[in-house]
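Q: Sequence and predicted model, in that order:
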Amino acid sequence: MMQKTEWFNRKFPVIDDNGVLPSIIERLSGTPARIEEMVSSIEPGLLTLKSKDKWTIKEEIGHLSDLEPLWLGRLHDLINREAGLRATDLTNQLTHTANHDATEIHLLLLRFREKSF
């Protein structure tokens, strides 16, 4: 099994070639469909299975929806040449309190699809 790098330990290189932007946008726009395909064959009970202190599959999907307004807002910050990008809650309080596990998977997927571009 491949080891997953924790989010805050990841390194993101500077992209000097703006020609890759269409590929990045295409990849992002296809995310809802890829997630729907991945979860379509998973037993419902596994979608809320907790592994140690990690989020469940439903919590991960809900978290993506929770973050959509942030990155879109940051895009507007860049477009408007703001001095800095809007802050985020690094504790992910919204995701922790949302109780995504109690939400039907089709609703989580729909919310993410509606919020993503």
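A: Okay, I see it. Numbering: from 1, shown residues only.
Q: and the residue located most distally from the centre of the chain, helix, strand or coil?
A: Each residue of the chain has a distance to the centre, and by C-alpha atoms, centre = their mean the biggest one is for Ala83: 25.2 Å. Classification of Ala83 by DSSP: H, G, I helix; E, B strand; the rest coil places it in coil.
Q: Phi and psi next, for it.
A: phi -60, psi -30 (degrees, to the nearest 10).
Q: Name the residues of the biggest helix by length in the chain that come out as buried.
A: The longest helix of the chain (DSSP state H) is helix 57-79. Using 16 or more other C-beta atoms under 10 Å as the test for burial, helix 57-79 gives 57-59, 61-67, 74. C-betas here are computed from N, CA, C, even on glycine.
Q: Which one of the residues you listed is nearest to Leu108?
A: Proximity of these to Leu108 (C-beta to C-beta) peaks at Ile61, which lies at 4.7 Å.
Q: What score does that closest one have for pLDDT?
A: Listed pLDDT for Ile61 reads 97.
Q: And the one 5 residues further on, by the same measure?
A: With respect to pLDDT, Asp66 has a value of 95.
Q: And for Ala87?
A: On pLDDT, Ala87 comes in at 95.
Q: Assign it to helix, strand or coil.
A: Secondary structure of Ala87, per three-state DSSP, is coil.
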